[in-house]
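Visitor: fold the following.
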Amino acid sequence: MPRLGEKYPVEFDVTSKPKSEYETDEYFALDLPVAPAVMVGDDIAVEGSDISDHDLEVCICRKLGLPEPQKKGLMDRLFNKS
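Guide: The predicted model follows:
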(Lines give C-alpha, C1' and ligand atoms only; values in the text may rest on other atoms or scores of the structure.)
Protein backbone atom coordinates (compact mmCIF):
# COMPACT_ATOMS: atom_id res chain seq x y z
CA MET A 1 0.00 0.00 0.00
CA PRO A 2 2.60 2.63 0.86
CA ARG A 3 4.01 2.45 -2.69
CA LEU A 4 0.67 3.85 -3.91
CA GLY A 5 1.52 6.96 -1.90
CA GLU A 6 4.35 7.54 -4.34
CA LYS A 7 1.93 7.28 -7.27
CA TYR A 8 -1.02 9.28 -5.88
CA PRO A 9 -1.21 12.31 -3.56
CA VAL A 10 -2.58 10.37 -0.59
CA GLU A 11 -1.46 9.57 2.92
CA PHE A 12 -1.52 6.07 4.30
CA ASP A 13 -2.21 5.29 7.91
CA VAL A 14 -1.66 1.64 8.72
CA THR A 15 -2.92 0.41 12.07
CA SER A 16 -1.98 -3.05 13.20
CA LYS A 17 -2.97 -4.48 16.55
CA PRO A 18 -3.43 -7.95 17.97
CA LYS A 19 -6.76 -9.47 16.93
CA SER A 20 -7.96 -9.46 20.52
CA GLU A 21 -7.89 -5.64 20.57
CA TYR A 22 -10.38 -5.57 17.67
CA GLU A 23 -12.83 -7.74 19.59
CA THR A 24 -13.42 -5.46 22.56
CA ASP A 25 -16.51 -3.43 23.42
CA GLU A 26 -14.37 -0.29 23.21
CA TYR A 27 -13.43 -1.07 19.60
CA PHE A 28 -17.05 -1.77 18.60
CA ALA A 29 -18.09 1.50 20.26
CA LEU A 30 -15.82 3.35 17.78
CA ASP A 31 -18.13 2.17 14.92
CA LEU A 32 -15.12 1.27 12.76
CA PRO A 33 -15.15 -1.56 10.21
CA VAL A 34 -14.36 -5.14 11.18
CA ALA A 35 -10.64 -5.84 10.78
CA PRO A 36 -8.95 -6.44 8.49
CA ALA A 37 -10.35 -3.47 6.67
CA VAL A 38 -9.28 -0.78 4.25
CA MET A 39 -10.82 2.67 4.23
CA VAL A 40 -10.28 5.27 1.53
CA GLY A 41 -11.20 8.57 3.06
CA ASP A 42 -14.39 7.94 5.02
CA ASP A 43 -15.48 5.09 2.72
CA ILE A 44 -14.95 1.43 3.58
CA ALA A 45 -13.22 -0.21 0.60
CA VAL A 46 -13.24 -3.67 2.16
CA GLU A 47 -14.18 -5.07 5.54
CA GLY A 48 -13.24 -8.44 6.98
CA SER A 49 -10.87 -9.41 4.17
CA ASP A 50 -7.87 -8.23 2.21
CA ILE A 51 -8.08 -6.16 -0.97
CA SER A 52 -6.09 -6.59 -4.16
CA ASP A 53 -3.66 -3.86 -5.18
CA HIS A 54 -5.73 -3.18 -8.30
CA ASP A 55 -9.02 -2.85 -6.40
CA LEU A 56 -7.40 -0.52 -3.87
CA GLU A 57 -5.94 1.58 -6.68
CA VAL A 58 -9.41 1.79 -8.29
CA CYS A 59 -10.88 3.03 -4.98
CA ILE A 60 -8.16 5.66 -4.65
CA CYS A 61 -8.68 6.85 -8.23
CA ARG A 62 -12.45 7.13 -7.70
CA LYS A 63 -11.88 9.15 -4.53
CA LEU A 64 -9.46 11.47 -6.33
CA GLY A 65 -11.65 11.76 -9.45
CA LEU A 66 -8.98 10.15 -11.64
CA PRO A 67 -9.50 7.61 -14.43
CA GLU A 68 -9.44 4.04 -13.13
CA PRO A 69 -6.31 2.04 -13.95
CA GLN A 70 -6.58 -0.86 -16.37
CA LYS A 71 -6.17 -4.28 -14.83
CA LYS A 72 -2.84 -5.78 -15.86
CA GLY A 73 -2.71 -9.21 -17.38
CA LEU A 74 -0.23 -11.91 -16.51
CA MET A 75 2.21 -10.94 -19.28
CA ASP A 76 2.13 -7.27 -18.22
CA ARG A 77 2.91 -8.22 -14.62
CA LEU A 78 5.66 -10.65 -15.64
CA PHE A 79 7.37 -8.11 -17.82
CA ASN A 80 6.49 -5.14 -15.59
CA LYS A 81 4.70 -3.23 -18.35
CA SER A 82 2.88 -0.14 -17.09
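
Visitor: spit out the contact partners of residue 62.
Guide: Applying C-beta atoms under 8 Å, 6 or more residues apart in numbering, one finds that residue 62 lies in contact with 40, 68. Bear in mind the C-beta positions are built from the backbone N, C-alpha and C, glycine included.

Visitor: off-centre distance for whatever helix or strand it lives in?
Guide: When elements are assigned from DSSP states H and E, residue 62 belongs to helix 53-64. Centroid displacement of helix 53-64 relative to its chain, using C-alpha atoms, centre = their mean, to the nearest Å, is 8 Å.

Visitor: all helices of this structure, in order?
Guide: In the chain, the segments counted as helices under DSSP state H are 4-7, 25-29, 53-64, 74-78.

Visitor: closest one to residue 18 among those helices?
Guide: Residue 18 sits nearest to helix 25-29 of all these, at 11.4 Å, using C-beta to C-beta.

Visitor: what residues does the closest one touch?
Guide: Counting by C-beta under 8 Å, 6+ apart, residue 21 sit against helix 25-29.

Visitor: off-centre distance for it?
Guide: With C-alpha atoms, centre = their mean, you get 22 Å for helix 25-29.
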